[in-house]
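> Please find the sequence and the predicted model below.
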2 protein chains.
Amino acid sequence: MTYSASALVIDDHPMVARGIANFLLSHCGFDQARPVSNVSEFWDALDTAAPPSLAVVDFWLPEGASLSLLVELKLRCPSTRLLVISADDNAAVLDKVGIAGADGFLHKQESPDVFGRAVAALLQGDSWFQSGTQFAGREFPNKELPVTALELGLTARQGQVLAMMLKGLPNKRIALNLSLSEQTVKEHVTGILERLGARNRIEVITKLRGRKLEGS
Amino acid sequence: MTYSASALVIDDHPMVARGIANFLLSHCGFDQARPVSNVSEFWDALDTAAPPSLAVVDFWLPEGASLSLLVELKLRCPSTRLLVISADDNAAVLDKVGIAGADGFLHKQESPDVFGRAVAALLQGDSWFQSGTQFAGREFPNKELPVTALELGLTARQGQVLAMMLKGLPNKRIALNLSLSEQTVKEHVTGILERLGARNRIEVITKLRGRKLEGS
DNA sequence: CCAGACACCCTACTCCGGTAGGGTTCCCTT
DNA sequence: AAGGGAACCCTACCGGAGTAGGGTGTCTGG
């Protein structure tokens, strides 16, 4: 279980990032754990080293950058496991995080023990969404909270296409609705899949579980 | 709009069925509308005549027969439009009805005017789910109410396959999980599609919108 | 005892979804 | 002026999904 594991930890409070990084080194068998405290530092770190096995991301980054960061990260380092931490126990947060491609979610005030188990689970390829219930779990009443296309790092057009994908429309129908060629729709779909880190439209649909997008 | 339209109306209270049938004849341009008040009568009527353009089905039939009746009907007469009526405004009802393949849903106490518009919408190929919001609408909080495979007229095996389909698993994976050949899975899938009146798995997923089945 | 339903397997085919790799236009920023 | 990104179009290809049409064995109810 203690392979060679590297981590990148981002939290806008440097001490927190540092603390987590140290914990990973001393208690989780990581041989590398770099703490950063802002987004550009984060990308720098990514560019100057091999993709880490784990990224720990604070949800409340300035300007709400975390969601797009998650998406972007999943895109650039598909193999990196994503653990999101937040001081906030809002179900909506957890929900959005799941959509954006995180592999796990934890409250900051969680005990080190739990933290360690979550990390272990992620490294093994499992998910960890607080209390072990996959974010599809029933205690999150799925309030149809709208997710904006922008939050997911999508273009406006991709957002329109995604909205129809979620209704279950096939490419041909979407093309008709938007007066496009089927091929163009396919390209938008490909873009969406890439962004959301899904392998096909079914994964997208099950991830977003019948949620609605901004512009209806 | 007033083609030759025929209807079959089932309600366990004969007077209600009769009243609706008359309304269809006098106000909706139907040239045939047969009221029946129990299930066997219903199937008899179906066997002895061409599939009607519209079926009006009371949700509260004895023994909760309406759900399986809907599924069965959709299977035997795919072209028949299905309007479900209920005295009950429980969101769960509306939800289940949508799953079972109904094209529209109405409260019994709805005004004749609305009733007429709903019927017209259905005959045009549209859906009608109370207040025009497609049953995907936001005012139904989607309580993850479990639907049993049996309620949908599925076999146990089909239920297992469906559960995995809803998680977004491809046939190959389902086959592995159940130790089956991919082909066998395909056949179960085909059976499910037939039953639920869907054209592909995506329609199934969007219809059931991430709900859970009985046996996990 | 036999019909029918169910579960299981097979080959062969079609169609749609998604990828790859070409191209044009518009617009925005450098 | 030049580059980049987004939107749009095309052909060609591959793999998964779903259908068609064959087959086997088991169990259950008339």
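That came through fine. Everything numeric in this text was worked out from a predicted model, so none of it was measured.
> Contacts for the strand or helix carrying residue A:120, please.
In the assignment (DSSP states H and E), residue A:120 maps to helix A:112-123. Helix A:112-123 has contacts (CB atoms under 8 Å, 6 or more residues apart in numbering or on different chains) with A:1, A:3, A:5, A:23-24, A:27-28, A:53-54, A:81-83, A:103-104, A:106, A:110, A:127-128. Every C-beta, even on glycine, is put in place using the N, C-alpha and C of the backbone.
> Show me these that map onto strands.
Judged by DSSP state E, the contacts of helix A:112-123 include A:54, A:81-83, A:104, A:106, A:128 as members of strands.
> Out of these, which comes closest to DNA strand C?
Distance to DNA strand C across these (CB to the nearest atom of the strand) is lowest for residue A:82, with 20.1 Å.
> The closest one - how many residues pack around it?
22 (other CB atoms under 10 Å in any protein chain shown).
> Pull up the gap between it and residue A:193, please.
Residue A:82 sits at a distance of 18 Å from residue A:193 (criterion: CB to CB, to the nearest Å).
> Please apply the same query to residue A:152.
12 Å.
> what about the two, which has more around it?
residue A:152 (23 against 16).
> Just to check, residue A:127 is in contact with residue A:101?
No: with contact taken as CB atoms under 8 Å, residue A:127 and residue A:101 are classed as non-touching, separated by 11.2 Å.
> and the gap between residue A:171 and residue A:206?
Applying CB to CB to residue A:171 and residue A:206 gives a distance of 18 Å.
> now residue A:31
36 Å.
> Looking at the two, which one has more neighbours?
Using other CB under 10 Å, the more surrounded residue of residue A:31 and residue A:206 is residue A:206, with 18 against 12.
> what about residue A:191, neighbour count?
17.
> tell me the SS of it?
State at residue A:191, reduced to three classes by DSSP: H, G, I helix; E, B strand; the rest coil: helix.
> Which residues are in contact with it?
Contacts for residue A:191 (CB under 8 Å, 6+ apart) come out as A:154-155, A:158.
> Show me which of those residues is closest to chain B.
residue A:158 (18.5 Å; CB to the nearest CB).
> confidence score at the closest one?
For residue A:158, the pLDDT comes out at 91.
> so how far is the helix or strand it falls within off the chain centroid?
Using DSSP H and E, residue A:158 falls within helix A:156-166. Helix A:156-166 has its C-alpha centroid displaced from the chain centroid by 19 Å (CA atoms, centre = their mean, to the nearest Å).
> Can that helix be said to contact DNA strand D?
Yes: Helix A:156-166 reaches DNA strand D (CB under 7 Å from any atom of the strand) through A:156-158.
> Please indicate which of those has the highest neighbour count?
For the residues of helix A:156-166 next to DNA strand D, neighbours tallied by other CB under 10 Å; top is residue A:158, 20 neighbours.
> how's chain A carved up into domains?
The record, using automatic domain parsing to delimit domains, assigns chain A the ranges A:6-129, A:150-208.
> Mean pLDDT lowest where, among the ones you listed?
domain A:6-129 (a mean of 81).
> anything in that domain sitting right up against DNA strand C?
No: figure legend: domain A:6-129 not in contact with DNA strand C (CB under 7 Å from any atom of the strand); closest approach 12.1 Å.
> is that domain anywhere near DNA strand D?
No: using CB under 7 Å from any atom of the strand, domain A:6-129 stays clear of DNA strand D, with a minimum separation of 11.8 Å.
> Run the chain-centre distance for that domain.
On CA atoms, centre = their mean, the centre of domain A:6-129 falls 10 Å from the chain's centre.
> okay, how far is it across it, tip to tip?
By CA to CA, to the nearest Å, the extent of domain A:6-129 from end to end equals 21 Å.
> And the helices in chain A?
Taking DSSP state H as the test, the helices found in chain A are A:14-27, A:39-47, A:66-76, A:91-100, A:112-123, A:156-166, A:171-178, A:182-196, A:201-208.
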